[in-house]
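Participant: Provided below are the primary sequence and the corresponding predicted coordinates.
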Amino acid sequence: RSMVSPATGLEHKGWTAAGIACDEVSQFHPGMLNHVSDRLREVAETQELKDMPFGGHMVLLQGDFFQLEPVKAKSFFRGTMECLVHGCPAGNVDEAQKWLDKYGPHKSEREGIELFVKFRRVTLDSQLRTTTDALHLQMIMRFRDVWTDDPFVLFAEYVNSLKRLTPQDVRSDPEWGCAIVGVVGNDERYALTETRARAWAAAAGQLVLRWELPPSGGSVLHSLPEESRAAVYSEEPSLHGFFVRGAPGVLVRNAGVERGVANGTRCTLVRIGYYAEAADVDLDLVGDEAPLGKRERAQRAIEGAAAGSVVDVPAPDYVVVKLEGDPSLFLDCTLLDGLSVVALPESASEAKDVSVCGLTAASLGLKEVRVRRPLAELSLVCTDYKVQGASCDYIILSLLDSGTAPYLTPHGLYVLLTRATRGRDSIRWLGPQGARAEQALAGLLTLKRDMDLVAFVRGYDGDGIWRQPKAKAEYAKLVAQGVAAEAARREAAAAERGG
């Protein structure tokens, strides 16, 4: 549960384990695997076990390399290819030094790779999330087939069979009104969150509570004139927090991994709260002139508001959530109705740079500002990274063109589509008015999978052992095929011009 330090590690809890299972392997990086091995060796009971990888424990890595890679690190397949197949760059001193700093002898990343390639690969090809939709299953297996040149042969047929979300869908099945909207970037998530929150709140008879996210220490927002600061906040959905009682949420930062309260944990939003504020009140003022504390200001704003409306309140001091899952997975949490309940204080929230794109921010030359985001957020709109690992009976794909990076990739789309538990019956999409799904995804139909990934997977032999010479040969073959294809394309283009 915690590999951070011996003080919070396995021996401190008195736990023993025959094996360790690590899920979502595509999000791991080699240095993390080496770190896990070092911690397990550190808490091993005998010197013989301390000298063995992972302290002598059996380790199971499970997941799907066709899903998304880590945001700020190299995945196992990427690191393995860079370290053992491509090798140290020649002819560029700076690039060579970067390679040595990362993959040189005794570096954590290299030691993690050397551990990783010793694992035996076992491929499971039965789909348990959805079993009744033949075309959906065919699409998934086709995507995973690294021996075909074009993974999108079935794609046009598949995406055109997906249904657009309509008002009739929501009327006939209200669950569509609560479904996660899958997007690929936070800017799109911020833009859609308030709209989704209002629709959910109206259906549930609740209010949408909104507040300005507090600037963190050193944020440029502190130095802006009040008028400019207010204008920036009014134009930027990314600078607001949202809360709807009873709505689905997700933790966006580790809030106590030793208690099982970690980034990505699903939850239900229960309430927001404020601490006692005696220091906020000037006792020399009386009657109507007395300043109101944050709690009182929030209560006055809420009074008389209609369901589904947005109410601006002061930034809360904490958010209370119910954690989804077996209560035994979460330690030292309050139990309410059989569910684990935990208060997440604003003081433990994360300071984060958030992009801004409004007119006022542009006039001030601002592209990012630093604010404190709450530990739990509404999960009515989620990025492909946040939804990875979830199972969804209902999921809505946003095919709207945000016009800015990041853009939807084949692997991001694969993640979103494979969340569906009922095949295409679990999926609806949003897109430009009048556009078919194939038109909205036209760019993806021409893309190829990453050559590093294809060569890496092809590098496994029939016994599930990764072979460096085999991966090198497969990569060279892919490069040669790419060169030949490009030459043929240029020759055809030249002939067409000549004709």
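Facilitator: Now that the structure is in, tell me what you want to look at.

Participant: the stretch 251-400 of the chain: helices as residue ranges?
Facilitator: For the stretch 251-400 of the chain, the helices defined by DSSP state H, counting those that start in this stretch cover 294-302, 359-363, 384-387.

Participant: what's the most buried one of those helices?
Facilitator: Among those, ranked by average contacts under mean count of other CB atoms under 10 Å, first place goes to helix 384-387 (a mean of 22). Yep, even glycine has a C-beta here, placed from its N, CA and C like the rest.

Participant: re the thing from before, reformat the helices of the stretch 251-400 of the chain into a markdown table and put mean pLDDT and distance to residue 215 next to each item.
Facilitator: Formatted as a markdown table, these follow (pLDDT from 0 to 100; distance: least, CB to CB, whole Å):
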| stretch | mean pLDDT | distance to residue 215 |
| --- | --- | --- |
| helix 294-302 | 88 | 16 |
| helix 359-363 | 90 | 14 |
| helix 384-387 | 89 | 24 |
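
Participant: JSON lines for those, including distance to residue 263?
Facilitator: Shown next, in JSON lines, are those (distance: least, CB to CB, whole Å):
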{"stretch": "helix 294-302", "distance to residue 263": "27"}
{"stretch": "helix 359-363", "distance to residue 263": "28"}
{"stretch": "helix 384-387", "distance to residue 263": "9"}
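
Participant: of all those, which one is nearest residue 440?
Facilitator: Residue 440 lies closest, by CB to CB, to one member of these: helix 384-387, at 15.7 Å.

Participant: pLDDT on stretch 426-440, on average?
Facilitator: Mean pLDDT, computed over stretch 426-440, is 82.

Participant: no wait, stretch 243-263
Facilitator: pLDDT averaged over stretch 243-263 gives 82.

Participant: now the end-to-end length of that stretch.
Facilitator: 18 Å (CA to CA, to the nearest Å).

Participant: same check, this time on stretch 40-57
Facilitator: End-to-end distance (CA to CA), stretch 40-57: 8 Å.

Participant: try stretch 429-439
Facilitator: 13 Å.

Participant: what comes into contact with it?
Facilitator: Residues from elsewhere that reach stretch 429-439, judged by CB atoms under 8 Å, 6 or more residues apart in numbering: 156, 159-160, 162-165, 181, 396-401, 440, 445.

Participant: among the helices of the stretch 251-400 of the chain, which comes closest to residue 169?
Facilitator: Taking these one by one with CB to CB, helix 384-387 is closest: 19.6 Å.

Participant: just the residues contacting the closest one, thanks.
Facilitator: Outside helix 384-387, the residues that touch it by CB under 8 Å, 6+ apart are 68, 71, 180, 182-184, 250, 252, 264, 379, 395, 408, 412-413, 415-416, 419.

Participant: could you dump that helix to CSV, C-alpha only?
Facilitator: Output of helix 384-387 as CSV, limited to C-alpha atoms (Å, rounded to 0.1, in the frame of the first residue of the first chain):
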residue,chain,number,x,y,z
ASP,A,384,-8.8,9.7,-21.0
TYR,A,385,-6.1,9.5,-18.4
LYS,A,386,-8.4,9.8,-15.4
VAL,A,387,-11.0,7.3,-16.8
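
Participant: distance of residue 488 from residue 495?
Facilitator: Distance, residue 488 to residue 495, using CB to CB, to the nearest Å: 11 Å.

Participant: please enumerate the strands of the stretch 151-300 of the chain.
Facilitator: Assigned strands in the stretch 151-300 of the chain, in chain order: 163-164, 180-183, 208-212, 240-243, 248-251, 266-273 (criterion: DSSP state E, counting those that start in this stretch).

Participant: now residue 478, nearest residue through space, not along the chain?
Facilitator: Leaving out its chain neighbours, the residue that sits closest to residue 478 by CB to CB, 6 or more residues apart in numbering is residue 451, at 4.8 Å.

Participant: same question, residue 346
Facilitator: Nearest non-adjacent residue to residue 346, counting by CB to CB, 6+ apart: residue 317, 5.3 Å away.

Participant: now stretch 30-38: how far from the chain's centre is it?
Facilitator: 21 Å (CA atoms, centre = their mean, to the nearest Å).

Participant: quick thing: my sequence starts at 212, can you match it?
Facilitator: Got it, the first residue is 212 from now on, which makes the last one we talked about stretch 241-249.

Participant: if you average the pLDDT over it, what comes out?
Facilitator: Mean pLDDT, computed over stretch 241-249, is 93.

Participant: list the contacts of that stretch.
Facilitator: 214, 231, 233, 264-266, 270, 272, 284-285, 287, 290-291, 319-324, 326-327.

Participant: filter those residues down to the buried ones.
Facilitator: When the contacts of stretch 241-249 are checked for burial by 16 or more other CB atoms under 10 Å, the buried set is 214, 231, 264-266, 270, 272, 285, 287, 290-291, 319-324, 326-327.

Participant: neighbours of residue 258, how many?
Facilitator: Burial of residue 258 is recorded as 8 neighbouring residues (other CB atoms under 10 Å).

Participant: got it, and the one 3 residues further on?
Facilitator: Residue 261 is surrounded by 14 other residues when neighbours are defined as other CB under 10 Å.

Participant: for it, which non-adjacent residue is spatially closest?
Facilitator: Leaving aside its chain neighbours, residue 261 sits nearest to residue 255 (4.6 Å; criterion: CB to CB, 6+ apart).

Participant: got a list of what the residue nearest to residue 689 touches?
Facilitator: 686, 689-690, 693.
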